[in-house]
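Chemist: only geometry, no sequence info:
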């Protein structure tokens, strides 16, 4: 079938443009930065581009959520949750896998985790379902957990999330504590130095006291 008279057929997207568009999905990468990255890969590091493509495909096909803590893993249950060295009576709730890694780097916490993969933000359509609240409650009330450490970020959304979860868990008889204010107001754990975070963990406080 021929093209409609008077209407130019759509211009196909080139491989370069498609690569630049894909790179724009990365946080903080705008159109110009994406174009520079695409040009650099194709001009200076084609082997790196191929490795990147294979790594992304492999990760997308193999990485899943841990059945216990919800972080990223290639197994049904992640290595931390399987470890016999962790204190099963402590459960630390964080927003992202990056926050989990930051807490681990402090070497001041020996319990287990639950990763929300977000925080409550009604204006953005993120409610209890989106942060896996039902799974969290089941995990926290498994009979082993004695204290829940709320380590959400000290942003407005993080504080609201901590308050909401804390109320639900205290009503179920659990001890609930919050990171101390060594973490700055408005700060995100991913960018807090490990010494400050370790101090905040040691000085965590009970909620409702």
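Modeler: Looks like it came in fine. Source: prediction; values computed, not measured.

Chemist: got any ranges where this protein has weak pLDDT?
Modeler: Scanning the chain for pLDDT under 70 picks out 1-13, 181-185, 208-209.

Chemist: go again using 80 as the cut-off
Modeler: For the chain, applying pLDDT under 80 flags the ranges 1-13, 180-187, 193, 195-196, 199-200, 202-209.

Chemist: which residue is nearest the middle of it?
Modeler: residue 96 (2.1 Å; CA atoms, centre = their mean).

Chemist: Return the residues in contact with that residue.
Modeler: 115-118, 190 (CB atoms under 8 Å, 6 or more residues apart in numbering). Backbone N, C-alpha and C define where each C-beta goes, glycine included.

Chemist: can I get those in a markdown table with neighbour count, secondary structure and distance to residue 139?
Modeler: Shown next, in a markdown table, are those (neighbours: other CB atoms under 10 Å; DSSP: H, G, I helix; E, B strand; the rest coil; distance: CB to CB, whole Å):
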| residue | neighbour count | secondary structure | distance to residue 139 |
| --- | --- | --- | --- |
| 115 | 24 | strand | 11 |
| 116 | 23 | coil | 11 |
| 117 | 17 | coil | 14 |
| 118 | 16 | coil | 16 |
| 190 | 14 | helix | 23 |
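
Chemist: Out of those, which comes closest to residue 85?
Modeler: Nearest to residue 85 out of the contacts of residue 96 is residue 115 (CB to CB; 19.5 Å).

Chemist: Please enumerate residues in contact with the lengthiest strand in the chain?
Modeler: As assigned by DSSP state E, the longest strand anywhere in the chain is strand 87-94. The contact list for strand 87-94 (CB under 8 Å, 6+ apart) reads 100, 103, 109-116, 136, 139-140, 144-152, 165, 189.

Chemist: residue ranges for the strands of this structure, please.
Modeler: Secondary structure of the chain, counting by DSSP E: strands at 64-65, 72-73, 87-94, 111-115, 147-150, 175-178, 205-206.

Chemist: For residue 20, which of the ones you listed is the nearest?
Modeler: Each of those has some distance to residue 20 by CB to CB; the shortest is strand 72-73, at 26.6 Å.
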